[in-house]
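Asker: need a structure here:
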Amino acid sequence: MCEVNLGDSKALLVCQNGEVTAIGHKCTHYGAPLVKGALGNGRVRCPWHGACFSIKNGDIEDFPGLDSVPSFKVVVDGDDVIVETSPDELKSHKRTQPMARANAEKDSRVFLLIGGGGASVACAETLRQQGFEGKIILATREADYPYDRPKLTKAMSATGEELRLRSPEFYASNDIEVQLSKEAVGIDVTAKTVQFSDGTSIGYDKVLLATGGRPRSLDLPGSELKNIFLLRTPEQANDIISTAQGKNVVIIGSSFIGMECAATLAGKAASVTVIGRSKTPFAQVLGEQVGQALLKMHEDKGNKFVFGTVPSQFVGEDGHLTGVCLSDGQTIPADMCLIGAGVVASTDFLKESGIPMTREGCIIVDKGMKATEDVFSAGDIAYFPLPFVGESVNIGHWQIAHSHGRTAAKTMLGQMVEFNSIPFFWSQMFGKSIRYCGYAKSFDDVIIDGALDELKFAAYYVSGDRVCAVAGMNMDPIVSQAAELLHTNKMPPASEIRNDPSAWQKQFIPKAE
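Answerer: Predicted coordinates:
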């Protein structure tokens, strides 16, 4: 696997099983060089965020990102490998797959997608790519077209328009009707209608429920004071970062939303203090050792932490917040507070619907993302079978939501498909990224390879002798390589990794050709 120059552009040249192919050289998500990724069986996985592309035709096979990469004709003439292309093919490193247009005379069905996140967008595009000619309506309670939600904590000044996944013109040209500020408040699965807060209703032949989660609020004395924020939309992110300038900021919650916001606000706010219930941030997901390393990174940048306590009330003067009182008796001075205490499923409107749900409000689906007759679900609210672990789970990852959407679309069209993807997520703080693949609801041990104090390491999350997940910082493409092995059930046992953490890379990952 290597890059070759094509005039002012490049291609990724791959030789696998005696066949030479050439595709675009950059991931369509954030532009990572695919040559630095992981070569799997018939596909290459991005080193940054795990998107996968076919090495034969460039089609995107796993997410994040929506576009495929171009593919080029290859001619092998003796010792010469010739890549044939044209200037038009090299104009962009992205390729949108062909999509059908709506044709009511041929297909009068209405497929209604509730929610404006990655799951609904991936579902809508997959439906058109698979030749669906019926009507597609994407209804979202938000005022913005679907946007890159993970950036809300990292690019807090960006507007909804700047974060859009697709332009309004894209949806229009592919006959995907997007209805903004359209909040679902009820569903009748017998009559096949969804009711909305504006008093209207829409009938459907099939419906996808992908409403995501909403930030968990805190019902405490003083919650009505000004400058107490939740984060869900670009507008809220904009308000938070503009208000925080030169102010004393308290963040409640020491998991990903809270910690990513703390990193973004460091150096902009006068002070940032994070309140955490546990003694180490990220401990439940990344373990104590990794959590402590990330904690030190924050402390080195001036962020402060108070652990082992929870807020008890907010106090203020003249209607504005001045402090956060804690259960241990402390009061932390605060000009503003961001609540990052997790999310709850936005499924209250489904409680009387008869749709199967968990106690936490997640929709129970089968392997094809189907909940009940003509009702499907995807994204953060789905409780779905994960083949990798052999049980149903709820995972709020951006990549998972996209993959759910694609699977649901194919099932809606009557195809016999099953969700099968390895969870992959990332977090970025202070310009440094940590990547994670797999799923470890709990783990017995964490094997560390590398130097935690230098933030250059791989961490293997172990249950028994099984590696359930792998995280890494500054060790690309280890996490993408591990994702490929987990996907094919070829990850070596923990005992082998303890003996030689690098052996598995040599054994399973093809060498550059």
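Asker: residue at max distance from the center of the chain?
Answerer: Centroid-distance maximum for the chain: Gly78 at 44.5 Å, with CA atoms, centre = their mean.
Asker: pLDDT at that residue, what is it?
Answerer: Confidence at Gly78, expressed as pLDDT, is 88.
Asker: low-confidence ranges, the protein, go.
Answerer: When residues are selected by pLDDT under 70, those of the chain lie in 507-513.
Asker: quick one: residues in contact with the longest helix along it.
Answerer: Looking across the chain with DSSP state H, the single longest helix is helix 283-300. Residues outside helix 283-300 that contact it (CB atoms under 8 Å, 6 or more residues apart in numbering) are 255, 259, 262-263, 266, 274, 278, 280-282, 305, 429-430, 432, 434, 436, 440, 443, 446, 448, 452-453, 455, 457, 459, 461, 471. Using the backbone N, CA and C atoms, a C-beta is placed for each residue, glycine as well.
Asker: whichever helix or strand comes after that helix pairs with which strands, parallel or anti?
Answerer: Under the assignment DSSP states H and E, the closest C-terminal helix or strand after helix 283-300 is strand 304-307. Under the criterion DSSP bridges, strand 304-307 sits next to strand 271-276 (parallel) in its sheet.
Asker: what angle do the strand it pairs with and helix 283-300 make?
Answerer: Interaxial angle of strand 271-276 relative to helix 283-300 (axes from the mean of the first three to the mean of the last three CA atoms, to 10 degrees): 160 degrees.
Asker: buried ones among the contacts of helix 283-300?
Answerer: Buried members of these, counted by 16 or more other CB atoms under 10 Å: 255, 259, 262-263, 266, 274, 280-282, 305, 429-430, 434, 436, 440, 443, 446, 448, 452, 455, 457, 459, 461, 471.
Asker: number of nearby residues for Lys268?
Answerer: Neighbour count of Lys268, defined by other CB atoms under 10 Å: 16.
Asker: surely it and Ile241 touch.
Answerer: Yes. The criterion here is CB atoms under 8 Å, and Lys268 meets it with Ile241 at 6.9 Å.
Asker: show me the contacts for Ile23.
Answerer: Neighbouring residues of Ile23 by CB under 8 Å, 6+ apart: 11-12, 14, 34, 44, 53-55, 57-58, 69-72.
Asker: if you set the cut-off to 7 Å instead, what comes out?
Answerer: Ile23 is in contact with 11-12, 53, 55, 58, 69-71, counting by CB atoms under 7 Å, 6 or more residues apart in numbering.
Asker: any idea which of the residues you listed is closest to Ser421?
Answerer: Distance to Ser421, by CB to CB, is smallest for Phe53 among these, at 14.3 Å.
Asker: quick one: the helices in the stretch 101-250 of the chain?
Answerer: Taking DSSP state H, counting those that start in this stretch, the helices of the stretch 101-250 of the chain run over residues 118-129, 168-173, 234-244.
Asker: need the winner for burial among those.
Answerer: Comparing the helices of the stretch 101-250 of the chain by mean neighbour count (mean count of other CB atoms under 10 Å), helix 118-129 comes out on top with a mean of 27.
Asker: residues in contact with it?
Answerer: Residues outside helix 118-129 that contact it (CB under 7 Å, 6+ apart) are 63, 66, 97-100, 111, 113, 136, 138, 146, 165-166, 174, 176, 208, 210, 378-379, 398, 401-402, 404-406, 408-410, 413.
Asker: can you tell me which of these are buried?
Answerer: By neighbour count, with 16+ other CB under 10 Å, these hold 63, 66, 97, 99-100, 111, 113, 136, 138, 146, 165-166, 174, 176, 208, 210, 378-379, 398, 401-402, 404-406, 408-410, 413 as buried.
Asker: ranges for the strands of the stretch 101-250 of the chain?
Answerer: For the stretch 101-250 of the chain, applying DSSP state E, counting those that start in this stretch gives strands covering 110-114, 135-139, 176-179, 184-188, 193-196, 201-203, 206-209, 213-215, 228-229, 248-252.
Asker: from the ones you listed, which stretch is densest packed?
Answerer: Across the strands of the stretch 101-250 of the chain, the average number of neighbours (mean count of other CB under 10 Å) peaks for strand 206-209, which reaches a mean of 28.
Asker: so what touches that one?
Answerer: With CB under 7 Å, 6+ apart, strand 206-209 has contacts from 111-114, 120, 123, 194, 363, 374-378, 381, 408, 412.
Asker: name the nearest of those relative to Leu90.
Answerer: Among these, Cys123 lies closest to Leu90 (CB to CB), at 30.8 Å.
Asker: give me the nearest residue to that closest one, chain neighbours excluded.
Answerer: Nearest non-adjacent residue to Cys123, counting by CB to CB, 6 or more residues apart in numbering: Gly405, 3.7 Å away.
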